[in-house]
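Q: need a structure here:
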Amino acid sequence: MLSVRVSPYVVAGVLVVCVGALAQETIQPPVSQPVPVFADINFESVNPEVTDCAPEKVSFELVTGYVYSAPADMLDSQPGTLMLTDCIDMCRNNRSCLSVNYETGLCVLFSSHADMYPGSLTSSQFPVFTLYVQKNCLSDSPPCDRAWSFERVMGFKLGSYSRKNSRVSSRQECEVQCLLETDFPCRSANFNNATGDCDISDMDRHTAVGTGAFQPAENSEFLENNCVDDPVRLCEFQKMEGRILKTVDSVFQEVASLEDCKRLCLTASFRFCPQDEGDAHIVLQEDVSGVCINMVGLVLACSVFLVAQLVIIVAWTAVWHRRRRSKLEEPLSPATTTESLRQLYDSGYPRRI
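A: Residues are numbered from 1 along each chain as shown. From the prediction side, this is the model:
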């Protein structure tokens, strides 16, 4: 019987080879994530109505509290963006940009939007609060000088205040109907995704606050017009202890005083704006609540009231002087005078001798 002597180095080499083979079988390379089907789509050819839109006809829709998910379509990410308007301007100046996600300090641009892919727009998760803005082309509408034309609230409607109703083919067409309205200032519209009904109204969440008209509705989208002109307002600021805004529209640094903060809020393009004070900077955010007075109407009403009071006082004074003058000029008959004196003496009035 032959005896085979195996060197220890050979045994060690065999073990290394076996371990390496085992590692190759057990450790698999990471599987790459599947690329979305729409990654290779040329969005400029899919959306020529937006990409070829005239600059003055480009419009934006704001959706508060929602985030758009399309990683393959992300064009750019801009940290340090402190104003929503700056984020919107980036998309406006980028021909390929069709939508943005914005949260305080971060602006993300996309080459697609939520209308292309239903279900891609979801509620933002606490504590992150995101604003989604979509670019539209409202070619038949008058120009609007606001950062966004409409604020869109999905699953809600403003009931009982419809002034006109029409059947349209898209949400954007409903927005155009509102912007073109001339019989009354259109402040909002309800669009039904299932039927295409478009109801426009001269009321919005601000003017109808406290009425309970703003309520959930299936297949409905509430569109609030941000292009409508509002009168100058005198707002009441209420301090809220222990609260902070999660996401804001604008951040102003090195503000000197609280009064300067309020002044910035009153002159902002948002109709209502809570404020957060601290570390010499302020933040402004659009809101749907607040106590505001129409200052022009208040001054006009006070002026009319004062003029009416003055007219009443002058008229009453003139009537009183006329009656007094007529009584003084009226001659007294002797019989009346004698009778009056007799009554006076009979009552105990002392006679003069």
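
Q: Longest strand in this structure, by number of residues?
A: Taking DSSP state E as the criterion, the chain has its longest strand at strand 214-225.

Q: Under a three-state scheme, what state does residue 156 occupy?
A: When the structure is reduced to helix, strand and coil (DSSP: H, G, I helix; E, B strand; the rest coil), residue 156 reads as strand.

Q: Over to residue 251?
A: Taking three-state DSSP as the rule, one finds residue 251 in the strand state.

Q: What's opposite it in the beta bridge?
A: residue 283 (DSSP bridges).

Q: Going along the chain, name the helices of the chain.
A: Remark: helices of the chain, listed N- to C-terminal, are 8-26, 43-46, 48-51, 84-92, 171-180, 258-266, 295-329, 334-346; assignment by DSSP state H.

Q: Output stretch 95-114 as PDB, restricted to C-alpha atoms.
A: The C-alpha trace of stretch 95-114 is given here as PDB (Å, rounded to 0.1, in the frame of the first residue of the first chain):
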ATOM      1  CA  ARG A  95     -37.400  74.600 -19.900                       C
ATOM      2  CA  SER A  96     -37.200  70.900 -19.000                       C
ATOM      3  CA  CYS A  97     -38.600  71.500 -15.400                       C
ATOM      4  CA  LEU A  98     -42.300  70.500 -15.000                       C
ATOM      5  CA  SER A  99     -42.600  70.400 -11.200                       C
ATOM      6  CA  VAL A 100     -40.800  70.900  -7.900                       C
ATOM      7  CA  ASN A 101     -40.800  69.700  -4.400                       C
ATOM      8  CA  TYR A 102     -40.000  72.400  -1.800                       C
ATOM      9  CA  GLU A 103     -39.300  72.200   1.900                       C
ATOM     10  CA  THR A 104     -37.600  74.800   3.900                       C
ATOM     11  CA  GLY A 105     -34.000  75.100   2.600                       C
ATOM     12  CA  LEU A 106     -34.400  72.500  -0.200                       C
ATOM     13  CA  CYS A 107     -35.700  72.800  -3.800                       C
ATOM     14  CA  VAL A 108     -35.900  69.700  -6.000                       C
ATOM     15  CA  LEU A 109     -36.700  70.000  -9.800                       C
ATOM     16  CA  PHE A 110     -38.300  67.300 -11.800                       C
ATOM     17  CA  SER A 111     -38.700  66.700 -15.600                       C
ATOM     18  CA  SER A 112     -42.200  65.200 -15.000                       C
ATOM     19  CA  HIS A 113     -45.300  65.900 -13.000                       C
ATOM     20  CA  ALA A 114     -48.000  64.200 -11.000                       C
END
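
Q: mean confidence score for it?
A: Per-residue confidence for stretch 95-114 averages out to 94 on the pLDDT scale.

Q: try stretch 156-166
A: Computed over stretch 156-166, the average pLDDT equals 93.

Q: That one: which residues count as buried?
A: Under the neighbour-count criterion of 16 or more other CB atoms under 10 Å, stretch 156-166 has 156, 157, 158, 159, 161, 162, 164 buried. Backbone N, C-alpha and C define where each C-beta goes, glycine included.

Q: these two touch, right, the last one and residue 190?
A: No: Residue 164 sits out of contact with residue 190 when judged by CB atoms under 8 Å, with a separation of 11.2 Å.

Q: how close does residue 172 get to residue 223?
A: Between residue 172 and residue 223 the distance, using CB to CB, to the nearest Å, works out to 10 Å.

Q: rewinding a little: tell me the one of the buried residues of stretch 156-166 nearest residue 326?
A: The shortest approach to residue 326 among these belongs to residue 161, at 57.5 Å (CB to CB).
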